[in-house]
Each structure stands twice: as structure tokens, then as C-alpha cells.
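A.B. asks: One predicted model, sequence on top.
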Amino acid sequence: MKILAVCGSGLGTSFMVEMNINQVLGELGITGVEVSHSDLSSATAGDADVFFLAKDIAEGGSHLGEVIVLDNIIDMDELREKVRQMAEEKNLI
Amino acid sequence: MTGVLTTLVDILSQPAILVAMIALIGLIAQRKNLSDTMKGTTKTFVGFLVIAAGAGILEIALIPFGAMFEEAFNVAGVVPNNEAIVALALTEYGSSTALIMFFGMIVNVFIARFTRFKYIFLTGHHALYMACMLAVIMAVAGFTTIPQIAAGAVALGIIMTLSPAIVQPFMRKLTGNDNVALGHFSAVGYALSGLVGKAVGGKEPTSTEKINFPKGLGFLRDSTVSIALTMVVMYFIVAIAAGPAFIEANLSDGTNFLVFSLIQAGNFAAGVFVILAGVRLVLAEIVPAFKGISTKLVPNAKPALDVPIVFTFAPNAVLIGFFSSFAGGLFSMIFMALAGSTIILPGVVPHFFTGAAAGVFGNATGGVKGAVAGSFVNGIIISFLPVFLLPVLGDLGFANTTFSDADFGVSGIFFGSLANFAGPIAIVISLIVILVLMAIPFRKKEKTA
């Protein structure tokens, strides 16, 4: 299973989201999930199973397939909730 | 013995190897397993070489642009773009940049640990770009290798802590808490925009978020698209002004001048794309290690994060800020053309990211008026700072591109002018004075209830 965090330039924000997702996965005790980050241009639907995007670029990333939109990218509680929901849907926990 | 020594010097003067070694040490210190260690070390090594390859592509695109611009207008035209200038600078200053970044991060942790400035700067690519600019400034100022790295690292650590600090009053107003800071080296522009917003907003400013905007400019957030499109426009304007005769005779080897320009504009975007891929590889191991170590060592650390974190607070202000900042850039360009100085062309990328954030902060303090006025001021300062930054960059001042964001301009001009005034010693004294001032445990008067 692969998760990709995406932002405009693929340098700072998506990287932060990647590290936070890793932290949440650790808290939930989920292993075997590969998380990485990318810019909006390079990301294609085949790159991952689930994509995490901030609300402001959600429009530009709608072609990616299974997209989870973060309303506030610095809100750890929101991320925790959304990662947990995703993990339940994917039968990871 | 000398053989061993020269080999050692050869190794350390290869930035790709040096950065890989820093990553290796970091990975071992974190007790990662063999597979992760190998992966991380190799990626960092290759990443640095990818950046150098990107620089090659960029140069192919930038040299004809400079030639056309001079032919057309008889002055130099500069397109500020961090990735472009950093990639060019790394070919000469790669090793010192890597070491300044490494030690600068350590200085950042120390300052955060022992002073009241608890900011840990986590925007890795900006730290890398600033390290690179400081390597250039310190070398041009006359420092030899080791003092160059020491002064650069202390300066970097200070800038990494102070830049978030000056925006924090506005971040508190925006986010409603004091837990997260902004780590983006255009803080001077953001703080100014916040102040301008306060000045023009009046008593009850109307927020930008009450306006209904048409959507559809989201594609500008995709940096490859926006860079390619603006470079095509700029290239075409300059190519038409320079005339087909000049271009086809001197630059394009007979190829139609517009076709040639289209390809070069594409090359510029391609170069930046490659460089970003390299930067991503280099930072992949360094930033998480830095984050892990700093959160352990600094209690109550406030992470300073990349600029899009503020965009979601006021999406309309993002658009208004971009347009208004770009208008400020165009206004400045006309002014420079009339004054006959070096002309700084407004790039979409810096105006988008810094203008958007300036709009968000201007809106936070002064509503619509604040967003418009604050980001217009931001557009003017990111246009004029490079004019004064170019002379202190030595040979790199003639590269047709330069650092784009405000803090690069402010810190570069600050240290560069000090060096012009009294040489390296002036820089050393200023660093010590700043550190001492930061160490004073001054507290704001707390409001009594």
C-alpha cells in the first residue's frame, strides 16, 4: 500500500504532511505502508493508492483518483482522524 | 601522506560526497537499519548530482535570454528564481553550502534551546538556498574556507530563528494560537504586509473571504506550469524586441526566432523541474533527522513550516495577494526601466507564493484593503531588493537570475554591505552582537488581568 502527499512544488508542505502521516501510522501501529511526497505536476494516478492534498490544491489534483483533502494541513487531529478512517476502509486496522 | 591528504581534500570538495556523508552520519546516529541507511545515503548522493544536471539545462536557457534582453533594451534583465541561482552557485560553492547548512541547523537548535526564540526552521529547501547564498556572500566578503563556513553557519542559524520570529505576531492573529510558525524566507515581506494592512484597514475591515471569486486559477499553483507559461511570455516579448535577425544570426543557428524562444522557455521550466527533483532527493533524509533531533532537544519548540500552511486560512486573499504583488512587480519594472538600472522581471513563482502569503497576512490585519496594499508593497520590495543584492554576489551577480524572496535580499545586502564597509571583521562583530541580543532573556510585559 502506498500513500502520496502532494503540494504545489513538492518540497516543503507535502514533505511535512508525509512526516505527519508517518507519525500517525506509527501511533496506530500500522506497518508496511510506504509514504512519500511529490509535486502536483509529477503526481499521476498510478503513483499511489491514496493521495493526501491540502484544500487549496484539491481542484488541481482531482485526476489522481482516491484523494483525501485536508482542510487544515497543520491540524494533527484532523489528519489523525482522516488517516484512521482510511486505514479502517482499507482494512489495515 | 600528502597523497592521503589530497584524496581527502578531493572527497570533501565534492559536495555530492560530502552531503551523502552527512546523511550517512545522520542515519547511523538515528540507528536506522542497513537498508534504510544505504537508500538514504545513495539518494542524497545522486540528488546533488541531479541538481548539477539541472543547472546545466538552465544555463542553456538563460544565456540566450540574457543576450536577447541586452540586445533589445541595452540593460541587463534578471529573472529572480531561487532554484536557478542556487543550482548555478552550487557548482562552485557546493561543499561550503552543504557544511553551512549542516552546522547552521545545529546553530538553529542551539539558539532555540537556549534563548526565548523557540523556532525550529523545517523548510529544508529554503535552508539549503539560504546556506548557498551565505556561502557566496561570505566568500565574496573575503573569508577563507573555514571561517567562511563558521560565519555562514552562525548567520544561517540566526536567520532560521529570526525569520519565523518576525512573522509570529501575525501568525498568532491568523491561526489563533502560538504553536506553529512560518518558515519561509520572505518574512520581511509578510511582516510588512501585516503592518501595512493594520495601517490601511481601518476599524472594521471587510475580510477578503466575503467576496465570491470565480475558481479556475488553481493551475498556477503547479509550479512547472506557471514557470513554463511565464517564461514563454517573457521570452516572446524579449525575442520580438531583439528582432529575428539578431537571434537567428547569433543565437539560434538559423532556427526561427520564436521557435527557438519557445524551446528555451521550456528548457528553463525543465531545468527547474530537474533541480526540484534533486532537492527533494537531498532533503529526504536530512529534514526528518533534523526534526527528530530538534524535537528531542528543544522543549516547547515551535516548528516553522512552509508557506502554503497559511493559504487555507484565506483562499481569496491568496488570489488577491498574487495579483496585487505581481502588479507591484510590474510597477517596479517600469520604474527600473525609466531609471535605467538593472531590470528585475516579475516572476510568477515568487509573486505567487510570497504575494499570496502577504495577501493572507494583509487580510488578517486589514481586510480587503490590507490584502491589496500589503501584497503590493511585497511585490515592490521583492523587485527592488535583488537590484541591491546583485552587487554583493560577486560573479553570480551577472547570472541573469538571482534569489527571489525578501529575506535573501535583506540578509544578503546586510552582510554584503558590512563586508564592503569594514571587511570580514564587521560581519563577525555583527554576528556576535546579534547572538548576544538574542540571548537576553527579555520578556514582553505580560498583561495583568
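C.D. replies: Done, it's in.
A.B. asks: got the contact list for residue 55?
C.D. replies: Let's take chain A. A:69-72, B:312, B:315 (C-beta atoms under 8 Å, 6 or more residues apart in numbering or on different chains). The way it works is simple: take the backbone N, C-alpha and C, and place the C-beta from them, glycine included.
A.B. asks: that's the other chain; I wanted chain B
C.D. replies: With contact taken as C-beta under 8 Å, 6+ apart, B:A55 is in contact with B:87-88, B:90-91, B:271, B:275.
A.B. asks: Name the nearest residue to it, ignoring sequence neighbours.
C.D. replies: Using C-beta to C-beta, 6 or more residues apart in numbering or on different chains and skipping the chain neighbours, the partner closest in space to B:A55 is B:A87 (3.5 Å).
A.B. asks: Just give me how far whichever helix or strand the one you found is part of sits from the chain centre.
C.D. replies: Using DSSP states H and E, B:A87 sits within helix B:82-114. Counting by C-alpha atoms, centre = their mean, to the nearest Å, helix B:82-114 is centred 12 Å from the centre of its parent chain.
A.B. asks: what comes up buried for it?
C.D. replies: Within helix B:82-114, the residues that count as buried by 16 or more other C-beta atoms under 10 Å in any protein chain shown are B:82-90, B:92-105, B:107-112.
A.B. asks: Could you do stretch B:386-397 as well?
C.D. replies: Buried residues in stretch B:386-397 (16+ other C-beta under 10 Å): B:386-390, B:392-394, B:396-397.
A.B. asks: what do you get for stretch B:182-202?
C.D. replies: Buried residues in stretch B:182-202, defined by neighbour count with 16+ other C-beta under 10 Å: B:182-198, B:200-201.
A.B. asks: now do stretch B:357-369
C.D. replies: Within stretch B:357-369, the residues that qualify as buried by neighbour count (16+ other C-beta under 10 Å) are B:357-369.
A.B. asks: Same list (the residues you listed) but as a markdown table, adding secondary structure and pLDDT.
C.D. replies: Below are those laid out as a markdown table (DSSP: H, G, I helix; E, B strand; the rest coil; pLDDT from 0 to 100):
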| residue | secondary structure | pLDDT |
| --- | --- | --- |
| B:A357 | helix | 95 |
| B:A358 | helix | 96 |
| B:G359 | helix | 95 |
| B:V360 | helix | 94 |
| B:F361 | helix | 96 |
| B:G362 | helix | 95 |
| B:N363 | helix | 94 |
| B:A364 | helix | 93 |
| B:T365 | helix | 93 |
| B:G366 | helix | 92 |
| B:G367 | helix | 91 |
| B:V368 | helix | 92 |
| B:K369 | helix | 94 |
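A.B. asks: what's the helix holding B:A87 packed up against?
C.D. replies: Under the contact definition 3 or more C-beta pairs under 8 Å, 6 or more residues apart in numbering or on different chains; DSSP states H and E, helix B:82-114 sits against helix B:15-29, helix B:34-73, strand B:119-121, helix B:124-141, helix B:145-175, helix B:257-297, strand B:401-402, helix B:424-439.
A.B. asks: how much space between A:M1 and chain B?
C.D. replies: A:M1 is 18 Å from chain B, where distance means C-beta to the nearest C-beta, to the nearest Å.
A.B. asks: Would you mind measuring from that residue to A:V50?
C.D. replies: A:M1 sits 8 Å away from A:V50, going by C-beta to C-beta, to the nearest Å.
A.B. asks: For B:V79, give me phi and psi.
C.D. replies: With angles defined as degrees, to the nearest 10, B:V79 sits at phi -100, psi 100.
A.B. asks: Could you report the separation of it from B:A265?
C.D. replies: Separation of B:V79 from B:A265 (C-beta to C-beta) stands at 11 Å.
A.B. asks: Which neighbours do those two have in common?
C.D. replies: Contact criterion C-beta under 8 Å, 6+ apart; residues shared by B:V79 and B:A265: B:231, B:234.
A.B. asks: Between those two, which has more neighbouring residues?
C.D. replies: Shown here are B:V79 and B:A265; by other C-beta atoms under 10 Å in any protein chain shown, B:V79 has more neighbours (27 against 23).
A.B. asks: I'd say that one and B:N400 touch.
C.D. replies: Yes - using C-beta atoms under 8 Å, B:V79 is in contact with B:N400, at 6.8 Å.
A.B. asks: which neighbours do the two share?
C.D. replies: Taking C-beta under 8 Å, 6+ apart as the criterion, B:V79 and B:N400 both touch B:62, B:65.
A.B. asks: one step back: okay, the contacts of B:A55 in TSV with pLDDT and distance to B:L162 next?
C.D. replies: Shown next, in TSV, are the contacts of B:A55 (pLDDT from 0 to 100; distance: C-beta to C-beta, whole Å):
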residue	pLDDT	distance to B:L162
B:A87	92	26
B:L88	92	27
B:L90	91	25
B:T91	87	29
B:G271	91	32
B:I275	90	27
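A.B. asks: who in chain A is up against chain B?
C.D. replies: Residues of chain A lying close to chain B (C-beta under 8 Å from any C-beta of the partner chain) are A:7-13, A:15-16, A:19, A:37, A:39-42, A:54-57, A:59-60, A:71-74.
A.B. asks: roughly how far apart are the residue lying closest to A:T31 once chain neighbours are set aside and A:K55?
C.D. replies: Spatial nearest neighbour of A:T31, chain neighbours left out: A:L25 (7.7 Å); criterion: C-beta to C-beta, 6+ apart. Distance from A:L25 to A:K55, counting by C-beta to C-beta: 22 Å.
A.B. asks: just B:N74 next, same as before
C.D. replies: As defined by C-beta to C-beta, B:N74 lies at a distance of 47 Å from A:K55.
A.B. asks: can you check A:S14 too?
C.D. replies: Counting by C-beta to C-beta - A:S14 and A:K55 are separated by 14 Å.
A.B. asks: ok, the closest residue to B:G94 other than its chain neighbours - how many residues close by?
C.D. replies: Once flanking residues are discounted, B:G94 sits nearest to B:P15: 2.8 Å by C-beta to C-beta, 6+ apart. A count of neighbours around B:P15, defined by other C-beta under 10 Å, yields 24.
A.B. asks: Ok, the one 5 residues further on next?
C.D. replies: Other residues within reach of B:A20, judged by other C-beta under 10 Å, total 23.
A.B. asks: Next one: it from chain A, what distance?
C.D. replies: In terms of C-beta to the nearest C-beta, B:A20 sits 19 Å off from chain A.
A.B. asks: Ok, B:A55 next?
C.D. replies: Applying C-beta to the nearest C-beta, the value for B:A55 to chain A is 17 Å.
A.B. asks: of all of chain B, which residue lies closest to chain A?
C.D. replies: Of all residues in chain B, B:D306 sits closest to chain A, at 2.7 Å by C-beta to the nearest C-beta.
A.B. asks: mind listing what that residue touches?
C.D. replies: Going by C-beta under 8 Å, 6+ apart, B:D306 touches A:7, A:11-13, A:15-16, B:122-123, B:126, B:183-184.
A.B. asks: Mind putting these into a markdown table with pLDDT and distance to B:T145?
C.D. replies: Converted to a markdown table, the contacts of B:D306 look like this (pLDDT from 0 to 100; distance: C-beta to C-beta, whole Å):
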| residue | pLDDT | distance to B:T145 |
| --- | --- | --- |
| A:C7 | 86 | 36 |
| A:L11 | 81 | 29 |
| A:G12 | 81 | 30 |
| A:T13 | 84 | 35 |
| A:F15 | 88 | 31 |
| A:M16 | 87 | 34 |
| B:L122 | 90 | 28 |
| B:T123 | 91 | 27 |
| B:H126 | 94 | 24 |
| B:G183 | 94 | 28 |
| B:H184 | 95 | 30 |
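A.B. asks: Now do residue 63: how many residues are near it, please.
C.D. replies: By default, I'm working from chain A. Neighbourhood size, A:H63 [other C-beta under 10 Å]: 9.
A.B. asks: actually chain B
C.D. replies: Quick note: B:I63 (other C-beta under 10 Å) scores 14 neighbours.
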